[in-house]
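Undergrad: Give me coordinates for this.
(3 chains)
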Amino acid sequence: MKNFFEKIAKIDRRIVYLLIFLGVTIPLITKKGFKFEPLQEVKKAYDFIESLPEGSVILISIDYDAASMPELQPLLEVVLRHLFSNNLKVLMMGHWPLGLPLGQIALEKIAKEMNKKYGYDYVFLGYRPGVAAVILNMGKEIRTVFNTDYKGTPIDSLEMMRGIHNYSDIALLIGFEAGATGDFWVQFGQARFGLKIILTSTAVITPDLYPYYQAGQIVGLIGGLRGAADYEILVKRKGFAYSGMTAQTIIHIIIIILILLGNIGYFALRRLK
Amino acid sequence: MYFSILIFFILPPYDVRAFDYPNDAGGKIKIEWNLSPDDSVIDYYILFREQKIFDKWSEPETVAILKRGENNILDTGVKDKINYRYFLRAIKGEIYSDSEKSNIVYSSAQWFHKKRISALILLIVIVSLLLLYIERAKRGIYLFIRKIPGLDAIDEAVGRSTELGKPLLFSLGLGTIADIPTIAGLSILKRVAKKAAEYETDLIVPCFEPVVFVAAQETVKEGYLEAGRPDLYKEGNVFFLSYEQFGYAAGVDGIILREKPGAIFLQGYFYAESLIIAETGNSIGAIQISGTTAVTQLPFFVAATDYTLIGEEMYAASAYLERDPLSLATIKGEDWVKMLLIILIVFGVILESIAFFVKIPWLHFLKNFFTIF
Amino acid sequence: MKKEIPLIITFISGFLLIIAFFVPHEPFGSLEQRFNDWFIIVSGFTLILGVDSLLLYHYKKIKRKEKDAPYSLILIISFVIVLFWGIYSGVKHGNPFAPTSTFLRYFYTYVFVPLQATMFALLAFFISSAAYRAFRARTLNATLLLLSAGIVMLGRVPMGEETVPYFTGITLILISVIFALEGFKRVNPLEKTFFLSMAVLSILLIFPLSAFLKRHLTEITNWIMNTPQLGAKRGLFIGISLGAIAMSVRIILGIERTYLK
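TA: Below is the predicted model of the structure:
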């Protein structure tokens, strides 16, 4: 009896890892899904984008890298499709140099899919160092930071950039966040220039961004895989995030079962002692 | 049937007011106006600016083209101490009409940011309290600080590692030398290096950032010197590992699994790699003392390590370990500042709660006073 | 003088930056940005120091034919390949991350991205083993942590509402068993009655509590995230900020000198 409780109180970590592995792969292979209601903060983000008039310029900031790609890349593609299908214009830049190519790959892929023309419907600015300095200077004049696009083309020669000088010409910023850069956007972009912001983030940092959403400093918050799945439901295009939610559900249930087993073993052993 | 409305005349915007943009370094004028009653049919507006040169007004120059519905703009193309005035032209097809000219205005730089007065007052109060306690410490008054288990465990951890014949591992996280948690981590590193030298235990310090690597090298050397064992210092034990987050995590994990340290110190600013490193350390049975100000990583450290220094406990480390009176004094001063802030917060919450029910504007004075952005 | 000069530089820089926050007039207004730019330039050069240290460390390992010398050789070879490949792509396409560059198409897409994603994916396994080990109801605080974690984990996933009644039932049965065993152990009739009543109450609460949680799981989850979690976080932020201020004052006044040595 004591042996049994000892075993469940100290399950070998390799068995835990095996259960997690099975819990992730089986749902992704079988592609089963569950029904659920999108969260309020994601609905607000979606509704705000829907309310923007055609031709509005949306600034997208890529502030994640390959480590967060599984969580944020599918969402980036969904958001880009949504923006392009509403005939909104996309201006992309970023603060994480190693993540920016991911943004570029997604932008080129979706733009090609939706027959959008570079320089008219979307522009890719690239990366400049100095997070706070970049955000502050773009608020005054974008050309003081990005005089040329990522290819070296002067941005004044791009049709889309005529009349776009600073944040007052930009309808919305959508930040894809895996670190602390979102705080800079809110503290400098929103607080000083009144820039409207939607933040999308990895699940780990989403709790950090809730104060901004609660205070009304950001218009919407799309957090983690759940946020991405909610957004896919709202744009009526279920993809990787939606099927990923099944895997996440199974994993959460497995973890709770393991925690329960661990506690049963713990209390039983305590009594037996 | 179609009705076409022929427009012969449109009303311009009115009450155009210009003023020097406050709290800036000059070169900016803010222009505001009331929208034209015909705003809904107007195509666009043009904002014109006239400059006074030797008592004569220049020809109007275009400042900006504005969409309908816009009623303000910041003109950043002006020079200080030169008089300007503005007017708006409303345009509908071939028809246009001009507003009255605005007041005469000139821009200038301000020497003080008026919106930040509350920050200045708080800063003066905080620094005064800190300096007050520093003075008290200089006079030799004893300053009590509660026990911090994580810091007390450092000696125990080094001793345990020595008994097992295993090295120590110290990670300063992913912060740069400009990050205060890294500096706090360096002061803990010095203490660990000194103990390691006394016990003749190897200390491995893989670094993420090159500048931190240089500082860590000097710190460890200094620790060995203070212990009187500079001969034991091995230059190869403090090294730059990788400037990439998961490259660093993979490298540290590899070192943990190969070298099997008896004690692991994770002191600095960490991101997502924190749990990877902490769990790997846990899997080899090492005693782990962690500390970070990264609020998102604290739960992982609390779950995976034996001792965790939470936030400001890390900052108190150097004062706590060295027992330097001047450093301890700043911690005492900080505690009193915290008390003051708690009182202000409670008072503010009461005022705002009352204001929710009783709509009296002056009840928001505290909130307005501390809003600096 | 060797120690005094850095301290003077630290004091003047710190003091100037504080002034720059309150004085918009030039030259103070743009000081923060200028210092940031200088820091970026200087830290770029220090990368050379780091690379030198890394290569020297592994070269010495190879020279001394230490145990893991082959891995050091692989590191140096990989370093050289990636460096020259990046330079070649940069020169050929103007930017190593240009869409047509082989560096982006092959190295970044098929080596760098999968490696980074793999390391990040380890977190799923480590979180599970850490949660299994750490979430034991040893104390009241640990129990509250455990319950909040369970509610939030279920509240964040689609099937959470369907499964919460089962977990609530199992938990309450577990609690009931613990109370019952404790009650049977006690001798004092008052204590015995108390524990046995709590055991019965736990059983009686299964259905109402399960129904309540099933209906309001999302609201409870949002409340936990938006109220106690956020409150604690804000408290931590205030404490950390104050600690940073005290530490900064120590550095500016030269009391804290660890970084100098």
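
Undergrad: In which helix or strand does residue A:59 reside?
TA: Applying DSSP states H and E as the criterion places residue A:59 in strand A:57-63.

Undergrad: repeat for residue C:98
TA: In this structure, residue C:98 sits in neither a helix nor a strand according to DSSP H and E.

Undergrad: Give the next helix or strand downstream of the strand holding residue A:59.
TA: Scanning forward in sequence from strand A:57-63 by DSSP H and E, the next helix or strand is helix A:69-85.

Undergrad: pLDDT on stretch C:155-162, on average?
TA: When pLDDT is averaged over stretch C:155-162, the result is 84.

Undergrad: and what of stretch C:133-140?
TA: Mean per-residue pLDDT for stretch C:133-140: 89.

Undergrad: mind listing what the residue nearest to residue C:98 when sequence neighbours are not counted touches?
TA: Using Cβ to Cβ, 6 or more residues apart in numbering or on different chains and skipping the chain neighbours, the partner closest in space to residue C:98 is residue C:104 (6.8 Å). In this view, the C-beta of every residue, glycine as well, is placed from N, C-alpha and C. Under the criterion of Cβ atoms under 8 Å, 6 or more residues apart in numbering or on different chains, the contact list for residue C:104 reads A:101, C:89, C:96-98.

Undergrad: Farthest pair within these?
TA: Of all pairs drawn from those, the widest gap by Cβ to Cβ lies between A:101 and C:89 and measures 11.7 Å.

Undergrad: which one of the two has more residues nearby?
TA: The residue with more neighbours, out of residue A:101 and residue C:89, is residue A:101; 27 against 23, by other Cβ atoms under 10 Å in any protein chain shown.

Undergrad: what separates the more buried one from residue B:57, distance-wise?
TA: 53 Å (Cβ to Cβ, to the nearest Å).

Undergrad: So what does whichever residue of the stretch 151-273 of chain A sits closest to chain B look like in phi/psi?
TA: Residue of the stretch 151-273 of chain A nearest chain B, by Cβ to the nearest Cβ: residue A:191 (4.1 Å). Dihedral pair for residue A:191: phi -70, psi -40, per degrees, to the nearest 10.

Undergrad: That one contacts residue A:216, correct?
TA: No. Shown here, residue A:191 and residue A:216 do not form a contact pair, counting by Cβ atoms under 8 Å, at 12.0 Å.

Undergrad: When those two are compared, which one has more neighbours?
TA: A count of neighbours by other Cβ under 10 Å puts residue A:191 above the other of residue A:191 and residue A:216, at 14 against 8.

Undergrad: So for that one, what's the pLDDT?
TA: Per-residue confidence (pLDDT) for residue A:191: 85.

Undergrad: What separation do you get for it and residue A:218?
TA: Shown here: residue A:191 relative to residue A:218, a distance of 11 Å by Cβ to Cβ.

Undergrad: ditto for residue A:99
TA: Residue A:99 sits 20 Å away from residue A:218 when distances are taken as Cβ to Cβ.

Undergrad: now swap in residue C:20 and tell me
TA: Distance, residue C:20 to residue A:218, using Cβ to Cβ: 28 Å.

Undergrad: Excluding chain neighbours, give the residue nearest to whichever residue of the stretch 1-150 of chain A sits closest to chain B in space.
TA: Taking Cβ to the nearest Cβ as the measure, the point where the stretch 1-150 of chain A comes nearest chain B is residue A:67, at 5.6 Å. In space, and not counting its chain neighbours, residue A:67 is closest to residue C:120: 3.9 Å by Cβ to Cβ, 6+ apart.

Undergrad: Check the offset of whichever helix or strand the one you found is part of from the chain's centre.
TA: In this structure, residue C:120 is located in helix C:113-134 according to DSSP H and E. Centre-to-centre, helix C:113-134 and its host chain are 12 Å apart (Cα atoms, centre = their mean, to the nearest Å).

Undergrad: And the pLDDT at the residue lying farthest from the centre of chain C?
TA: Among the C-alpha atoms of chain C, the one farthest from their average position, using Cα atoms, centre = their mean, is that of residue C:189, at 49.9 Å. Each residue has a pLDDT score; the one for residue C:189 is 92.

Undergrad: For residue A:159, see how far away it is.
TA: As for residue C:189, its distance to residue A:159 is 88 Å (criterion: Cβ to Cβ).

Undergrad: Over to residue A:6?
TA: Separation of residue A:6 from residue A:159 (Cβ to Cβ): 71 Å.

Undergrad: what are the ranges of the helices in the stretch 1-150 of chain C?
TA: Taking DSSP state H, counting those that start in this stretch as the criterion, the stretch 1-150 of chain C contains helices spanning C:4-22, C:31-63, C:69-93, C:102, C:113-134, C:140-155.

Undergrad: what helices or strands is the second one leaning on?
TA: Right, the one you point to is helix C:31-63. Here helix C:31-63 touches helix A:131-140, helix B:210-226, strand B:238-240, helix C:4-22, helix C:69-93, going by 3 or more Cβ pairs under 8 Å, 6 or more residues apart in numbering or on different chains; DSSP states H and E.

Undergrad: so which of these comes closest to residue B:370?
TA: For the helices and strands packed on helix C:31-63, proximity to residue B:370 was assessed by Cβ to Cβ; helix C:4-22 is nearest, at 15.3 Å.

Undergrad: How about the closest one, which residues are buried there?
TA: The neighbour-count criterion (16 or more other Cβ atoms under 10 Å in any protein chain shown) identifies C:10, C:20-22 as the buried residues of helix C:4-22.

Undergrad: That helix and chain A in contact?
TA: No. Helix C:4-22 lies out of reach of chain A by Cβ under 8 Å from any Cβ of the partner chain, never closer than 12.9 Å.

Undergrad: Farthest pair within the buried residues of helix C:4-22?
TA: Pairwise distances among the buried residues of helix C:4-22 were taken by Cβ to Cβ; the largest, 19.9 Å, belongs to C:10 and C:22.

Undergrad: got the contact list for the strand holding residue A:59?
TA: The contact list for strand A:57-63, computed with Cβ under 8 Å, 6+ apart, reads A:49, A:52, A:76, A:79-80, A:83, A:88-96, A:99-100, A:102-103, A:160, A:164, A:169-179, A:181-182, A:185.

Undergrad: and that strand, which strands flank it?
TA: Looking at strand A:57-63 with DSSP bridges, its partner strands are strand A:89-94 (parallel), strand A:172-177 (parallel).

Undergrad: Now name the helix or strand holding residue B:170.
TA: strand B:168-173.

Undergrad: so what does that strand touch, helix or strand wise?
TA: Packed against strand B:168-173, as judged by 3+ Cβ pairs under 8 Å, 6+ apart, are the following elements: helix B:149-164, helix B:180-199, strand B:203-207, helix B:245-259, strand B:263-269, helix B:273-283.

Undergrad: residues in contact with residue B:347?
TA: Shown here is residue B:347, whose contacts under the criterion Cβ under 8 Å, 6+ apart are residue B:366.

Undergrad: how about the residues of chain B near chain A?
TA: Contacts of chain B with chain A, taken as Cβ under 8 Å from any Cβ, map to B:65, B:73, B:76, B:244-246, B:271-272, B:283, B:295-296, B:373.

Undergrad: how about 10 Å then?
TA: The interface of chain B toward chain A, taken as Cβ under 10 Å from any Cβ of the partner chain, is made up of B:28, B:64-67, B:70, B:72-74, B:76, B:174, B:244-246, B:249, B:269, B:271-273, B:275, B:279, B:282-283, B:294-297, B:299-300, B:371-373.

Undergrad: Show me just the buried residues among those residues.
TA: Burial by neighbour count, judged by 16+ other Cβ under 10 Å, picks out B:28, B:64, B:66, B:70, B:73, B:76, B:174, B:244-246, B:249, B:269, B:271-273, B:275, B:279, B:282, B:294-297, B:299-300 from the residues of chain B next to chain A.

Undergrad: related to what we said a few turns ago, can I assume the residue of the stretch 1-150 of chain A closest to chain B is in contact with residue A:98?
TA: Yes. Proximity of residue A:67 to residue A:98 meets the contact threshold set by Cβ atoms under 10 Å, at 9.4 Å.
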